Every structure is written in C-alpha cells, then in structure tokens.
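Chemist: Provide a 3D model corresponding to the input given below.
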Amino acid sequence: MSTNARLLDEPLPVELMNTIWADRDGVHDALRDPDGTRSWLHAVSSRTDPMTPENLDALAPADLDRLGNQLISLRDALRRLAAEAVEDPRPAAASCTRELHAAVTVLNQAAGETPHWSALSWTPGQAPSRHTRTSGQAAFAVVSAVAEESIELFSQDARDQLRACLAPGCVLYFLKNHPRREWCSAACGNRARSARHYQRHRRADT
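Modeler: Numbering: from 1, shown residues only. Down below sits the predicted model:
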C-alpha cells in the first residue's frame, strides 16, 4: 500500500508536514480521504511504536476518518510552526492554520490526546523486550507520538536545521543534515538549477 506523499526519510513530524505536496497540476493533500490516511500510516507504521499495520487495518471507517482529521489538524499546525521557524516565503506552502498561537494550542492538545508509554516484558529464559501501551486505540496514539516528537523538534537545536525547499513549485520541508544540502531532494535540486540556467540565458538574450 503506497502513499502519494513524498517520504524523504525525514523525522516523522517533517514527513507529516510533507503530506501536502505539489506537482505541475497544483498542490495536493495525501490525507484528503480515509484511503489516503490509511496508505500514509501504513507507509510510516514501522517508524511508530504505538501502531502496527494490524491495528490500523482493524479501524472502523468512522474511526479512520476521525484519525485522518486529527492528523490533518496536527499537520496544518506543524506547517504553521515550520513557516514561523524558517520565515517561509512560499505562498503556496501557507498553512490553513493562520495564527501561531492556534498552532501551538493544537500541537499541545495533540500531544496529550492519547497518552502512550513503554512497558517491559520479561519471561524467564527469554530476553526482555519493550512494548508500547496506550490509554486508547493504538492508532490514535500515533498522533500523540508525532506531536511529542514535534515539540522536541521545535524546542531544541534541530529547529535550526529545518528548511523550506525553495525549488520552483515545491512546498516541502526538510532538515539540512549536510552542509551542502539545499533542497528536499535531488529532483528539486535539478529543477532549481535548470530554472537558474534558464534565467541566466534569458537575461543574456535580452
């Protein structure tokens, strides 16, 4: 089950921000319907302790729809916080959440919505193992887990590595994890270089 979102091996908060993506046909939302939500959660399920593909597939349609709405609300809040952190100049990337205070409120509420914690299992003669326990449905704990990771991202030095991809038409974010990295992906880098090359030759011709 594949997702339309551009997964760039970024931290989960950034991957969630990037469920808004763009191409030549415009800006798209990978969480626009329950199928899109399920596909994205399947794609990242191995990176989230509270959720497994099995308990995701067990969700009733109404629960999946509610989960999608929670993810969209958190996603829009994170994109507003990211825009604040990087002084994002891209109109097409603007979040539906306009006020910084509103975005912070959504994030903090999401972090406490479905608490989750670690529990140790240890059977004699076997190696101990760690499990995740939640106070509600495990799939909903994913929202709280991503929110918690987001608070860590925005409150620590990693926030300074966050970047808006300024390639033509891109609305994605990424962490600048290498001094020479300027774009979210190689494809965006090629597009940006092509645009610069075109502009240079256009100026030379005129």
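
Chemist: who touches the nearest residue in space to Ile72 that is not next to it in sequence in this structure?
Modeler: The shortest distance from Ile72 to any non-neighbouring residue, by C-beta to C-beta, 6 or more residues apart in numbering, is to Leu31 (5.3 Å). For the C-beta atoms, the positions are set from N, CA and C on the backbone; glycine is no exception. For Leu31, the contacting residues are 19, 37, 40, 68, 71-72, 75, taking C-beta atoms under 8 Å, 6 or more residues apart in numbering as the criterion.

Chemist: what secondary structure does Leu31 sit in?
Modeler: Remark: Leu31 carries the secondary structure label coil [criterion: DSSP: H, G, I helix; E, B strand; the rest coil].

Chemist: Okay, it and Leu153: tell me how far apart.
Modeler: Counting by C-beta to C-beta, to the nearest Å, the gap from Leu31 to Leu153 is 20 Å.

Chemist: Report how many residues lie close to Thr52.
Modeler: As a burial measure, the neighbour count of Thr52 was computed by other C-beta atoms under 10 Å and equals 15.

Chemist: That one and Ala139 touch, don't they?
Modeler: No - Thr52 is not in contact with Ala139 according to C-beta atoms under 8 Å; the separation is 9.0 Å.
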